[in-house]
Each structure stands twice: as structure tokens, then as C-alpha cells.
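Novice: Predicted model and sequence follow; I will ask about them next.
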Amino acid sequence: EAGVAQSPRYKIIEKRQSVAFWCNPISGHATLYWYQQILGQGPKLLIQFQNNGVVDDSQLPKDRFSAERLKGVDSTLKIQPAKLEDSAVYLCASSLNGQRGDETQYFGPGTRLLVL
Amino acid sequence: AQTVTQSQPEMSVQEAETVTLSCTYDTSESDYYLFWYKQPPSRQMILVIRQEAYKQQNATENRFSVNFQKAAKSFSLKISDSQLGDAAMYFCAYRSTNTGNQFYFGTGTSLTVIP
């Protein structure tokens, strides 16, 4: 079974530029999560999708971050414009259907973003 | 918002020995879920063990077990017979049962296994 795929693996941009990350969850998984992991910290949930609908985006900085999952499968996370403090690893995860609170999340390898 | 605290930034253990990683959390909810995730140097995070708050019995998964103390809001992870492959960053996580099922992670404990 293929795991969660993310691209690119690394990205370096200058502040005020835009950047987009892509995630393809495990086939059949209805729930998709985007996390931000700043160096030395634990992951912080940015947004959770159930199919193509947003379940929770309370910690997403909506003035500069946006995310979509138009067809309920893969997803993109965009930052526009980027700030220095956005430097982090962006993790994507998926789970089967989000119905159980103890459902296993499967994580991708992450995209490491450096903003100069 | 709930907070998850891991007070041990780094721990080390001799191969084949036992180590305990600590985690405390702050919540006003009575029902929630707790997890331990492992993040090896390759950075792909995987689930180690999970616990439902309404279950009093401590969860176990092979060499991994938890000590869940609900009143003390404590959720420690015990790794028995430590192996070199256990070396990783370990994150404690809390999942709310409120709308949105928000996840909260601790800052992690880096575990070194000494051969």
C-alpha cells in the first residue's frame, strides 16, 4: 500500500514570495490533515479536511495561508506571501474516515521550507 | 486550548534496558484520546500507541506500554527491552472530542539508544 506522498521535499524561497505544497493521501482515506512543525517544536495542526470539506481550520493563519482539497483526494497548501517565521516542515497526514477519535493518522515525509 | 507538556527534551537508554518518557496535559474535558508518535531521523511520523480516556486499562503494544493517570493528567510511555531502532523523537499528543477533533502535540523527547 502506497503511503502519503508529498512534494516538493525541500523548498527555499525569499520572504514575500509565494509557495505551494502538494499532498496525495493514502487511497480511500477521507480525512486529510496539514501540520506545521517548527524546529524544536511539535507539529501544529493547521487544517483538517473531511473529503472536500473543511472540518477545522482554527489555527490556519488565513491572511497568508490557504488550503484546498477540491476533489476530496489530493490537497494543496499555499503560503502567500511567505514570512521568515514560516520556515518549518509542513507535514501532511491522512486517516480512513475521521469517525473515530483514536483513528490512526498516517504521515507523509514532509516538505521542509526555508524562507530567507 | 489544551496544552501538552513533555518535560524531558532528551533521554538516553542502554540497549535492552527500559526507559520511561513522561507527558502531562491540561484539559477540562472528560473524554479525549492520547497518543504517542515516533519520528525517526527520516522524519516520517508513525503511531506507537494510543489510549482512550474513558478506558482505565493501560494500553500496551508489544514492548511499548503506557501509564495513564487520568486524575493527574499524566500519560507516560514505557519502552521495554530497548532496541537501536527505537532511537527517535517521541511526541505525546492529545485529541479533543469536541467539534473538529483538534490535535495537540507536545514538544517531543529525543531518545538515544546506547549500544
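Specialist: Received it, and whenever you're ready, just let me know what you need.

Novice: Hmm, A:Glu14 is touching A:Leu116, no?
Specialist: Yes - with contacts counted by C-beta atoms under 8 Å, A:Glu14 reaches A:Leu116, the gap being 5.2 Å. In short, each C-beta sits where N, CA and C put it, glycine included.

Novice: Quick one: the strands in chain B, in order.
Specialist: Taking DSSP state E, the strands of chain B run over residues B:3-5, B:10-14, B:19-21, B:24-26, B:32-39, B:46-52, B:60-61, B:64-69, B:74-79, B:88-96, B:103-105, B:109-114.

Novice: what about chain B, any weak spots by pLDDT?
Specialist: Along chain B, segments meeting pLDDT under 70 span B:1, B:43, B:99-101.

Novice: what is the residue nearest the centre of it paired to in the beta sheet?
Specialist: The centroid of chain B falls nearest to B:Trp36 when counting by C-alpha atoms, centre = their mean (3.2 Å). Beta-bridge pairing of B:Trp36 under DSSP bridges involves B:Ile49, B:Cys92.

Novice: Now do the contacts for it.
Specialist: Each residue near B:Trp36 by C-beta atoms under 8 Å, 6 or more residues apart in numbering or on different chains is listed here: B:21, B:23, B:47-50, B:64, B:66, B:75, B:77, B:90-93.

Novice: Alongside chain A, which residues does chain B contribute?
Specialist: B:4, B:32-33, B:35, B:42-47, B:50, B:52, B:91, B:93, B:95, B:97, B:99-108 (C-beta under 8 Å from any C-beta of the partner chain).

Novice: where in chain A is pLDDT low?
Specialist: Checking chain A against pLDDT under 70 turns up A:1.

Novice: That one: strands as residue ranges?
Specialist: Using DSSP E, strands in chain A cover A:5-7, A:10-13, A:19-24, A:31-37, A:44-50, A:53-56, A:65-68, A:75-79, A:88-95, A:106-107, A:111-115.

Novice: what's the angle from the fourth one to strand A:75-79?
Specialist: Okay, so that is strand A:31-37. Orientation of strand A:31-37 against strand A:75-79 (axes from the mean of the first three to the mean of the last three C-alpha atoms, to 10 degrees) gives an angle of 30 degrees.
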